[in-house]
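Undergrad: okay, predicted coordinates and the sequence, questions at the end:
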Amino acid sequence: MSRILLLHTGGTIGMTRTEKGYRPDGKYFREAVFHMDSLKTKDMPEWEFMETPKLLDSSRMKASDWNLIGSAIAENYDRFDGFVVLHGTDTMAYTASALSFMLKGLSKPVILTGSQIPLCETRSDGRDNLITSMMIAGDAKVKEVCIYFGGLLLRGNRATKYSADGMQAFVSPNYAPLATAGISIQYNENSFLAHRSGKFECRPFAEVPIAVMKVFPGIQKEVFESIFTDKLKGIVLETFGSGNMPGDPETLLPIFAKAADNGTVITVCSQCLQATVDMNAYEAGSLLRSAGAVSGRDMTTEAAVAKLHYLFSVYQDADQVRFNMERDIRGEMSQKLDL
């Protein structure tokens with residue numbers, strides 16, 4: 001029988017009502033989980049429960065918290081066949097992306113899940129999300145970091161939060177779901193990440209100054225000048241369509257070129273959920289390329305941010321980071337290259 005580690009980090013699923021709104025309640029959640037009859041049936045894997053030292057609303061997550069979760073998985077990697085991480089929905093896609101890069105050589109399922117309605121409420125979606133995530137982790141068919149939510153199993157670094165109040169809170173706009181859960185769990189094995197040989201290791205992230213900027217019509221160059229400081233290591237530019245910038249790109253060219261010379265890695269992503277950045281399709285994109293920007297292709301913003309953190313933790317040279325930002329290393333983009 002498979003053995004699963006259930007790691008509670010916080011989030012709506014484990015919250016209770018207070019005078020100031022919902023807040024994490026570890027004591028209530030532990031008791032609720034241990035009294036769930038569904039988790040004791042013969043269909044469920046064996047499991048152990050663990051909590052992070054501090055339960056967080058996921059909006060407060062930062063790189064050091066990603067490291068804490070990754071380290072907990074690494075320290076228990078040999079003891080368990082799979083892992084379920086309970087997490088808030090607001091930044092779940094960021095954490096899933098971060099773990100996908102951090103956990104190199106992963107050969108076991110790591111499933112992130114949570115809920116839109118706390119487990120303490122009658123209509124909570126947390127019960128199904130928790131039970132199904134544990135069954136998927138116990139099946140051990142997928143050997144990558146995933147998000148299970150609302151009947152869909154998605155690659156973690158391909159997912160993004162789509163709805164704040166719908167039960168299907170996450171979508172994977174540029175990659176097919178890995179499984180759908182109806183009466184039975186139907187796996188789409190053709191979409192699974194091919195396991196790449198190598199020893200498992202956890203590579204914690206360094207604290208790296210990274211920014212995200214969404215461009216808009218009429219944005220002025222002074223906005224870019226204020227953000228592109230000498231300390232900025234990486235930025236994800238959310239551009240129009242397939243990589244288009246507003247205004248006259250010629251006026252922005254010197255700013256981007258100077259930032260690149262200072263070691264800032266500029267990654268171009270799209271504001272469209274379903275899109276692939278092609279920096280050769282339009283003049284604006286080619287000018288960005290000539291100024292040292294790189295294409296995020298069909299990566300989500302969450303994946304691009306996590307990937308920048310990871311690569312700057314591995315490489316000191318910005319050119320190495322730029323080179324690898326355009327290479328698929330964890331199934332985060334559609335380009336297929338061997339590493």
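TA: Yes, it's here.

Undergrad: check the spacing between residue 231 and residue 81 real quick.
TA: Distance of residue 231 to residue 81, given as CB to CB, to the nearest Å: 43 Å. All C-beta spots, glycine's among them, are computed from the backbone N, C-alpha and C.

Undergrad: could you check which of those two is surrounded by more residues?
TA: residue 81 (17 against 9; other CB atoms under 10 Å).

Undergrad: what sits against the nearest residue to that one once chain neighbours are set aside?
TA: Beyond its immediate neighbours in the sequence, the residue positioned closest to residue 81 (CB to CB, 6 or more residues apart in numbering) is residue 2, lying 4.3 Å away. The neighbours of residue 2, taking CB atoms under 8 Å, 6 or more residues apart in numbering as the test, are 45-46, 81-82, 137-140.

Undergrad: where are the low-confidence patches of the stretch 201-339 of the chain?
TA: Along the stretch 201-339 of the chain, the model assigns pLDDT under 70 to residues 249, 336-339.

Undergrad: for residue 56, give me the pLDDT.
TA: Residue-level confidence at residue 56 comes out at 87, pLDDT.

Undergrad: pLDDT score for the residue nearest to the spatial centre of the chain?
TA: With distances taken as CA atoms, centre = their mean, the chain has residue 97 as the residue nearest its mean C-alpha position (2.6 Å). Confidence at residue 97, expressed as pLDDT, is 98.

Undergrad: on that earlier part again, buried ones among the contacts of residue 2?
TA: Neighbour counting by 16 or more other CB atoms under 10 Å classes 45, 81-82, 137-139 among these as buried.

Undergrad: most widely separated two among those residues?
TA: 81 and 139 (9.7 Å; CB to CB).

Undergrad: wait, residue 187 touches residue 179, no?
TA: Yes - assessed by CB atoms under 8 Å, residue 187 is found in contact with residue 179 at 4.6 Å.

Undergrad: more neighbours, those two?
TA: Each of residue 187 and residue 179 has its neighbours counted (other CB under 10 Å); residue 179 has more, 22 against 18.

Undergrad: now do the closest residue to residue 253 other than its chain neighbours: how many residues are near it, please.
TA: Once its chain neighbours are removed from consideration, residue 253 has its nearest residue in residue 291; the separation is 5.2 Å (CB to CB, 6+ apart). Other residues within reach of residue 291, judged by other CB under 10 Å, total 19.

Undergrad: next, give phi and psi for residue 291.
TA: Torsion angles at residue 291 (phi, psi; degrees, to the nearest 10) stand at phi -90, psi 0.

Undergrad: then the one 3 residues further on?
TA: Dihedral angles of residue 294 (phi, psi; degrees, to the nearest 10) stand at phi -120, psi 160.

Undergrad: number of residues surrounding it?
TA: The local packing of residue 294 (other CB under 10 Å) involves 21 other residues.

Undergrad: that one contacts residue 265, doesn't it?
TA: Yes - the pair residue 294 and residue 265 passes the contact test of CB under 8 Å, sitting 6.9 Å apart.

Undergrad: now the common contact residues for those two.
TA: Listed as contacting both residue 294 and residue 265 by CB under 8 Å, 6+ apart are 322, 325.

Undergrad: contacts only, for the nearest residue to residue 242 once chain neighbours are set aside.
TA: Excluding its sequence neighbours, the residue lying closest to residue 242 (CB to CB, 6+ apart) is residue 278, at 4.7 Å. Taking CB under 8 Å, 6+ apart as the criterion, residue 278 is in contact with 242-243, 285, 295.

Undergrad: closest to residue 166 out of those residues?
TA: Minimum distance to residue 166 across the contacts of residue 278 is 28.0 Å, recorded for residue 242 (CB to CB).

Undergrad: residue 76: which of the contacts of residue 278 is nearest?
TA: Nearest to residue 76 among the contacts of residue 278: residue 295, at 37.3 Å, using CB to CB.

Undergrad: a strand runs through residue 111, doesn't it?
TA: Yes - using DSSP: H, G, I helix; E, B strand; the rest coil, the secondary structure at residue 111 is a strand.

Undergrad: hmm, it is touching residue 82, no?
TA: Yes - the pair formed by residue 111 and residue 82 meets the contact definition of CB under 8 Å, at 7.3 Å.

Undergrad: my guess is residue 333 meets residue 294, correct?
TA: No - in terms of CB under 8 Å, residue 333 does not count as a neighbour of residue 294; the distance is 11.5 Å.

Undergrad: ok so, going back, most neighbours, which of the contacts of residue 278?
TA: The member of the contacts of residue 278 that has the most neighbours, counting by other CB under 10 Å, is residue 243 with 27 neighbours.

Undergrad: can you pull the contacts of that one?
TA: When contacts are counted by CB under 8 Å, 6+ apart, residue 243 is found next to 268, 270, 277-279, 281-282, 284-285, 288, 295.

Undergrad: restricted to strands, list those residues.
TA: The strands, defined by DSSP state E, take in 268, 270, 295 from these.
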